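Undergrad: Got a predicted model here, sequence first, then my questions.
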Amino acid sequence: QNWYSTLVTRPVKSVDFANGNATVKFEDTWANKADCSITTLTYTNKDGETATKQITNTATEVVCDNIALGATISITSSYKPENYIPDDTKVSPAIEKVVEARITVKVLQWNVANGVASSKEMQAWSTRKASIASFINTEAPDIIFGEELIESSNFMKDMMSTIDPSFTTGTKSDYMVPGAGAKYKGYYGDRNDGGEGVAVIYNSTRFEEVSSGRFWLWNDPGNPGKLTLNNDSANCNRIAVWIRLRDKSTNKEFVVSSVHIDNSNTSADEAAGFPIMTWQVNTYINNLQARSGANDDQLPTIMGGDFNCGPQHNVIKNISTNPNYNYADTRIAARNLGKPISYPDTSLAETDAKSRSTFVKISRSFSLSSGYTYTCVQDVNAAFDYIFMKRCETLNFHTIHPVQVGDVIMSDHNPVTTEIVIKF
């Protein structure tokens, strides 16, 4: 009796549902559990029949097939005493796991910089685009948030067709919609004041579009325009785009969105509390939630963008602290959860606000032997790029990547990636 009372059931790490199957993953092998012979999983399948699966001590996962979301899996481990006869085998107390829909989504946020021709601040797009595409191809994100994409100079097409040669672009009204590529599709929204815009791009092998839209960050969001507030004005039109996606493996939906907030961030703007930026952020989130149905349908939502403002200011803090918003900054969430955080200047402590910089200062020099040479240094006071999440379970890491590859400085903004776990 004393021996039986100490029996434990093998710990479960996760239950992942996809395409009518649930993969049960265990914490580790139980190879050293000599007195445990096997672990048994019992559930009712979609045909109403009792199904049983078993896993040995050396295996770490087992698939329960033909199972429905919401089903319960009962798990027990079988033991035997050191000196036993078959009838002495005992079963541990059962633990029960409910099958829930959970997916992992890798997200990239990147302002690729609108410089078309070479200048003292930026190498030409023709020099940068291959390195940008190579970075995206290597990182293989599921969702890409992009800003400062220039339609007239084919930024989107150049970037994506290098990754996927079958990627095409077409027109729909006065904005561009990427066509039927083998992997990536998306939505581009032009500012309508000079050819620059923002985009959301998604992995079409995993997700499909349910609905999408765009809106401008001023008094009439459904039409192009530039915000004027009292005697102040934004520097240009600002736009946001969103897509409501359906995950093909679970048939569940979530919302993704990209935005570029105005750079009204002078010392005078700061002294006044950044009125233009504050107004635009509030307009952005309110319209995103209403237009996509994210709030009405309580959908997980991921936002990415260049917000042109540091995390110490209320413009950014309000995104998390306002009870009507309540979006988690993925960098802060990674710190609170003890997840890996990486950034270019490793001499800085992670808690140092300067480690959050996502912007570089670029300079160039000239010599007769080598022509122009570009160099960059991290701007320590420029944390502009963010990924926010709402109604998501957790995340696995947060990385600010170096922006220079060999002789190429890909952008004046660092690419930022994170991996978010969504539990539906």
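TA: That came through fine.

Undergrad: ok, which stretches of the stretch 101-250 of the chain are helices?
TA: With DSSP state H, counting those that start in this stretch as the criterion, the stretch 101-250 of the chain has helices at 125-139, 155-163.

Undergrad: Now do the last one against helix 125-139, angle only.
TA: Counting by axes from the mean of the first three to the mean of the last three CA atoms, to 10 degrees, helix 155-163 points 50 degrees away from the direction of helix 125-139.

Undergrad: mind listing what's buried in helix 155-163?
TA: Across helix 155-163, burial judged by 16 or more other CB atoms under 10 Å covers F155, M156, K157, D158, M159, M160, S161, T162, I163. Every residue, glycine included, has its C-beta placed from N, CA and C.

Undergrad: And for the first one?
TA: Neighbour counts over helix 125-139 (16+ other CB under 10 Å) mark W125, T127, R128, K129, S131, I132, A133, F135, I136 as buried.

Undergrad: if you skip the residues just before and after it, what's nearest to Y327?
TA: Closest residue to Y327 apart from its sequence neighbours, by CB to CB, 6 or more residues apart in numbering: F388 at 3.9 Å.

Undergrad: quick one: what helix or strand has the one you found in it?
TA: Per DSSP states H and E, F388 falls inside strand 385-390.

Undergrad: Just list what that strand packs against, helices and strands only.
TA: With contacts defined as 3 or more CB pairs under 8 Å, 6 or more residues apart in numbering; DSSP states H and E, the packing partners of strand 385-390 are strand 102-111, strand 301-306, helix 314-321, strand 328-329, helix 330-337, strand 416-423.

Undergrad: Which of the ones you listed sits closest to T56?
TA: Nearest to T56, of all the helices and strands packed on strand 385-390, is strand 102-111, at 25.0 Å by CB to CB.

Undergrad: The closest one versus strand 301-306: what angle between them?
TA: Going by the same axes, to 10 degrees, strand 102-111 makes 20 degrees with strand 301-306.

Undergrad: returning to what we had before: which one of the buried residues of helix 155-163 is nearest D193?
TA: For the buried residues of helix 155-163, the nearest to D193 is F155 (16.2 Å; CB to CB).

Undergrad: Give me the nearest residue to the closest one, chain neighbours excluded.
TA: Nearest to F155 is L149, by CB to CB, 6+ apart, at 4.3 Å.

Undergrad: R364: how many residues sit nearby?
TA: Using other CB atoms under 10 Å, R364 has 17 other residues around it.

Undergrad: Name the spans of the stretch 1-150 of the chain whose pLDDT lies under the cut-off.
TA: 1-5, 81-87 (pLDDT under 70).

Undergrad: How are the strands of it distributed by residue range?
TA: Taking DSSP state E, counting those that start in this stretch as the criterion, the stretch 1-150 of the chain carries its strands at 12-18, 21-26, 36-44, 50-55, 61-64, 72-79, 90-91, 95-98, 102-111, 143-150.

Undergrad: for the second one, packing partners?
TA: Same thing as strand 21-26. Judged by 3+ CB pairs under 8 Å, 6+ apart, strand 21-26 is in contact with strand 12-18, strand 61-64, strand 72-79.

Undergrad: Run through who's touching the second one.
TA: Just to be clear, that refers to strand 61-64. 21-26, 41, 43, 51, 53-55, 73, 99 (CB atoms under 8 Å, 6 or more residues apart in numbering).

Undergrad: how does it look with 10 Å?
TA: 12-18, 21-26, 39-43, 45, 51-56, 71, 73, 75, 97, 99 (CB atoms under 10 Å, 6 or more residues apart in numbering).

Undergrad: okay, now K13: neighbour count?
TA: Using other CB under 10 Å, K13 has 12 neighbouring residues.

Undergrad: Next, the contact list for it, please.
TA: Each residue near K13 by CB under 10 Å, 6+ apart is listed here: V24, K25, F26, E27, D28, T60, E61.

Undergrad: now do N111
TA: With CB under 10 Å, 6+ apart, N111 has these contacts: 145-149, 198, 258, 260, 305-306, 308, 358-359, 384-385, 411-416.

Undergrad: Please repeat the previous calculation with a cut-off of 8 Å.
TA: By CB under 8 Å, 6+ apart, the contact set of N111 is G146, E147, E148, H260, D306, F384, D385, S411, D412, H413.

Undergrad: Can you tell me which of the residues you listed is nearest N287?
TA: H260 (14.6 Å).

Undergrad: Got phi/psi on that closest one?
TA: Dihedral pair for H260: phi -130, psi 100, per degrees, to the nearest 10.

Undergrad: Once you drop chain neighbours, what's closest to it?
TA: E147 is the one closest to H260 (CB to CB, 6+ apart), at 4.4 Å.
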